[in-house]
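Asker: Give the three-dimensional model of this entry:
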Amino acid sequence: MKISAFLGLGSRYSYLASTQLDRIALETGSEFEWYPVNSIELIRRARPDDSPFDQPMLSGQYAPEFRYQDARRWAAHYGVAYHEPDLSSIDPNALALACWCQSDHKKRRSLMKAIYAEAFAKGVKMTLDVLEVIAQDFGLTREGIIENLQGGTASHL
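Answerer: So this is what the prediction gives:
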């Protein structure tokens, strides 16, 4: 059975979920098709008047220190590396759109895993230059990525 997995490349919880998908697929005989998204943008579109990312914090669950501690605990539970990602130099849309340059599902999944490994497992500051180095391993060029970005919602890059 094929299951669609929509994963935010800037999301700590999508990263953590992604670390479990291969195990779940093996245990269940399923196959996950990975689809890159910008989860914050999806929340904003679904809840335009009350996105938790655009308002004063109403609940402690969105406090950065709580989310960081929660993610570290989940990572420890799963036995995976975790570093709070530094995405200050790249829009999460850029990460998702770059992955859409890769049309093959298996290669896209591997590209997404490589981005997660750099940003969340190794703690590398994500930039367009870092993304280019990762993407080259998947046959993608900086020009191709930028062209895709300009055609998408991250046209400012």
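Asker: Need the contact partners of stretch 17-25.
Answerer: 5, 7, 30-32, 34, 78, 80, 112-113, 116 (CB atoms under 8 Å, 6 or more residues apart in numbering). Where you see a C-beta, it was placed from the backbone N, CA and C, and this is true even at glycine.
Asker: Write the ChimeraX selection for whichever of these are buried.
Answerer: The ChimeraX command for the buried members of those (criterion: 16 or more other CB atoms under 10 Å) is given here:
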select :5,7,32,34,80,112,113,116
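Asker: just checking, which of the contacts of stretch 17-25 belong to helices?
Answerer: Mapping these onto helices (DSSP state H) picks out 78, 112-113, 116.
Asker: What is the strand or helix carrying Asp70 packed up against?
Answerer: If you go by DSSP states H and E, Asp70 is part of helix 64-78. If you count contacts as 3 or more CB pairs under 8 Å, 6 or more residues apart in numbering; DSSP states H and E, helix 64-78 packs onto helix 12-28.
Asker: how about the helix it packs on as PDB, C-alpha atoms only?
Answerer: Taking Å, rounded to 0.1, in the frame of the first residue of the first chain, the C-alpha atoms of helix 12-28 are listed here in PDB:
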ATOM      1  CA  ARG A  12      11.200  19.700  13.600                       C
ATOM      2  CA  TYR A  13       8.200  17.400  13.900                       C
ATOM      3  CA  SER A  14       8.200  16.400  10.200                       C
ATOM      4  CA  TYR A  15      11.900  15.600  10.600                       C
ATOM      5  CA  LEU A  16      11.200  13.400  13.600                       C
ATOM      6  CA  ALA A  17       8.300  11.700  11.800                       C
ATOM      7  CA  SER A  18      10.600  11.100   8.800                       C
ATOM      8  CA  THR A  19      13.100   9.200  10.900                       C
ATOM      9  CA  GLN A  20      10.300   6.600  11.600                       C
ATOM     10  CA  LEU A  21       8.800   6.100   8.200                       C
ATOM     11  CA  ASP A  22      11.300   3.500   6.900                       C
ATOM     12  CA  ARG A  23      10.700   1.400  10.000                       C
ATOM     13  CA  ILE A  24       6.900   1.700   9.700                       C
ATOM     14  CA  ALA A  25       7.100   0.800   6.000                       C
ATOM     15  CA  LEU A  26       9.200  -2.300   6.800                       C
ATOM     16  CA  GLU A  27       6.900  -3.400   9.600                       C
ATOM     17  CA  THR A  28       3.700  -2.900   7.600                       C
END
